[in-house]
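Colleague: Following is a predicted model, sequence given first.
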Amino acid sequence: MAIGKIHPACKQYLWGGEKLIREYGISSPKTPLAEAWVLSAHPDGDSRISFSDEARFSEGAESSEGESFAEYLKSHPEAAGSLGKAFPFFPTLIKLIDAKKALSIQVHPDDSFALSREGQYGKTEMWIVLEREEGAFLYFGFQKDYTEEEIRRAIEEENFPSLLCKVMVEPGDVFFIPAGTVHAIGAGILLAEVQQNSNLTYRVYDYGRKDARGNTRELHVEKALEVMDRKQLSAYRQEAFKKQGKKPVGEKAAGESATGEEMAGKNVYLERIGSCEYFTVDRLFLEENAFYSGKLTEESFLSLLVLEGEGVLTEETKRCEDMHQESSTECKQEKSSSTEKKDRRFVKKGESYFLPAEEGQWSLKGTGKFLLTFLSEKNCVRED
């Protein structure tokens with residue numbers, strides 16, 4: 001297979017801004033632009049994937065290049081990897097979110113509640129803060145243990161935010177948000193969100209705002225009270241990455257990186273920032289046109305999101321010829337000869353790429369910050 005470029009599904013909400021278009025190169029006629037779903041096979045916002053280096057779309061319009069990402073995965077289930085096949089759906093969804101205004105205070109149910117009550121899966125997620133305006137903050141969990149009655153009264157008296165942890169943020173901060181955690185992105189924050197493939201949200205509090213038609217937005221208080229964790233929040237975030245005390249990736253270092261074995265030159269920093277059943281996330285820093293290389297396997301796909309800077313992404317695989325055109329994971333006998341294939345893409349800020357699961361090697365040479373998302377075997381044991 002080859003490197004797939006992801007063309008995002010875009011969402012226009014009343015709290016969105018203009019930065020995704022202006023600073024991250026997202027092409028969309030929708031303003032304000034609140035979210036770009038930069039890796040999604042969800043029916044509410046299906047991304048598109050293209051394997052041509054020349055994506056064609058009019059400036060200011062969403063791309064119609066390539067094919068539906070969901071349809072691509074349906075035709076090529078092996079692309080998600082053996083770990084991905086354990087799920088009844090592609091497990092991961094990634095967004096860029098621009099909150100010019102504050103989002104509603106909300107909570108997501110876990111799988112058990114969501115499947116029994118909604119017929120769909122719940123949502124665990126994590127945030128990586130990319131930009132923030134001065135004084136920007138978010139809400140994350142409760143300041144102390146509260147009873148259901150205390151929470152209900154605070155909602156009715158429009159005093160609910162006073163119960164929550166108000167957290168000032170800095171670029172680089174990471175928040176892992178298990179299902180059941182009450183949370184809200186505050187005004188003036190732009191972040192990347194890696195989440196379970198779900199779009200199920202219970203809105204608890206919305207500041208009395210009205211939508212474009214003048215209607216108060218629906219709240220889901222009763223369901224929210226059933227699923228929220230009412231206990232005091234404990235350790236909740238990983239502070240902004242600082243090179244002090246962090247070890248750079250050594251040459252020919254081996255460890256739990258994005259793809260197993262890795263090779264790196266100088267000025268390369270890699271850190272694991274989050275992991276659960278539905279995703280594992282590494283953050284990669286390259287300085288002064290540095291080089292990093294990792295191994296691809298048949299266990300998991302690899303998603304690369306460019307948070308800052310640019311570089312050259314290369315994939316080298318040794319697979320059967322015309323593999324991408326085959327719908328089966330095995331090539332026909334007449335096409336069984338192995339050949340080395342190399343694909344190379346220039347990548348820049350705001351762009352998202354998908355490397356299908358297969359045996360091979362990938363590398364990145366450049367300067368910037370990059371998000372690597374994949375599935376990890378120790379987190380993907382499923383009982384259903």
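Modeller: Structure received. Numbers count the residues shown, from 1 in each chain.
Colleague: What's opposite residue 210 in the beta bridge?
Modeller: Note on residue 210: beta-bridge partners residue 216, judged by DSSP bridges.
Colleague: Show me what residue 167 is bridged to.
Modeller: Residues in beta-bridge contact with residue 167 (DSSP bridges): residue 138.
Colleague: Okay, it and residue 157: tell me how far apart.
Modeller: Between residue 167 and residue 157 the distance is 23 Å, computed by CB to CB, to the nearest Å. Any C-beta I mention is one placed from the backbone N, CA and C, and that applies to glycine too.
Colleague: Stretch 125-144: how far from the chain's middle?
Modeller: Stretch 125-144 sits 16 Å away from the centroid of its parent chain (CA atoms, centre = their mean, to the nearest Å).
Colleague: er, stretch 162-181 I mean
Modeller: Mean C-alpha position of stretch 162-181 versus that of the full chain (CA atoms, centre = their mean) differs by 16 Å.
Colleague: which parts of it are buried?
Modeller: In terms of neighbour count (16 or more other CB atoms under 10 Å), stretch 162-181 has its buried residues at 163-165, 167, 169, 171-177, 179-181.
Colleague: Check stretch 126-136 too.
Modeller: 126, 127, 128, 129, 130, 131, 132, 136.
Colleague: Stretch 114-125 now?
Modeller: Quick answer for stretch 114-125 (16+ other CB under 10 Å): 114, 121, 122, 123, 124, 125.
Colleague: Now tell me what touches that stretch from outside.
Modeller: Under the contact criterion CB atoms under 8 Å, 6 or more residues apart in numbering, stretch 114-125 has outside partners 89, 108-113, 177-179, 193-201, 223, 276-278.
Colleague: mind redoing it with 10 Å?
Modeller: 87-89, 91, 93, 95, 107-113, 175-181, 183, 193-202, 223, 226-227, 274, 276-279, 384 (CB atoms under 10 Å, 6 or more residues apart in numbering).
Colleague: Restricted to buried residues, select the residues you listed in PyMOL.
Modeller: Buried members of the contacts of stretch 114-125, defined by 16+ other CB under 10 Å, are picked up in PyMOL with:
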select buried, resi 87+89+91+93+95+107+108+109+110+111+113+175+176+177+179+180+181+183+193+194+195+196+197+198+199+200+202+223+227+274+276+277+278+279
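Colleague: out of the contacts of stretch 114-125, which are inside helices?
Modeller: Mapping the contacts of stretch 114-125 onto helices (DSSP state H) picks out 111, 112, 113, 223, 226, 227.
Colleague: Same list (the residues you listed) but as CSV, adding pLDDT.
Modeller: Converted to CSV, these look like this (pLDDT from 0 to 100):
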residue, pLDDT
111, 96
112, 96
113, 97
223, 97
226, 97
227, 97
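Colleague: closest to residue 357 among those?
Modeller: residue 111 (23.7 Å; CB to CB).
Colleague: what residues are up against that closest one?
Modeller: Contacts of residue 111 by CB under 10 Å, 6+ apart are 120, 121, 122, 123, 124, 179, 196, 198, 277, 278, 384.
Colleague: hang on, the earlier thing: inside strands: which ones of the buried residues of stretch 162-181?
Modeller: Among the buried residues of stretch 162-181, the ones falling in strands (DSSP state E) are 164, 165, 167, 174, 175, 176, 177.
Colleague: per-residue confidence at the closest residue to residue 307 other than its chain neighbours?
Modeller: Spatial nearest neighbour of residue 307, chain neighbours left out: residue 369 (4.3 Å); criterion: CB to CB, 6 or more residues apart in numbering. Per-residue confidence at residue 369 stands at 97 (pLDDT).
Colleague: ok, residue 369 touching residue 282?
Modeller: No: using CB atoms under 10 Å, residue 369 is not in contact with residue 282, being 11.4 Å away.
Colleague: okay, and the common contacts of the two?
Modeller: Joint contacts of residue 369 and residue 282 (CB under 10 Å, 6+ apart) do not exist.
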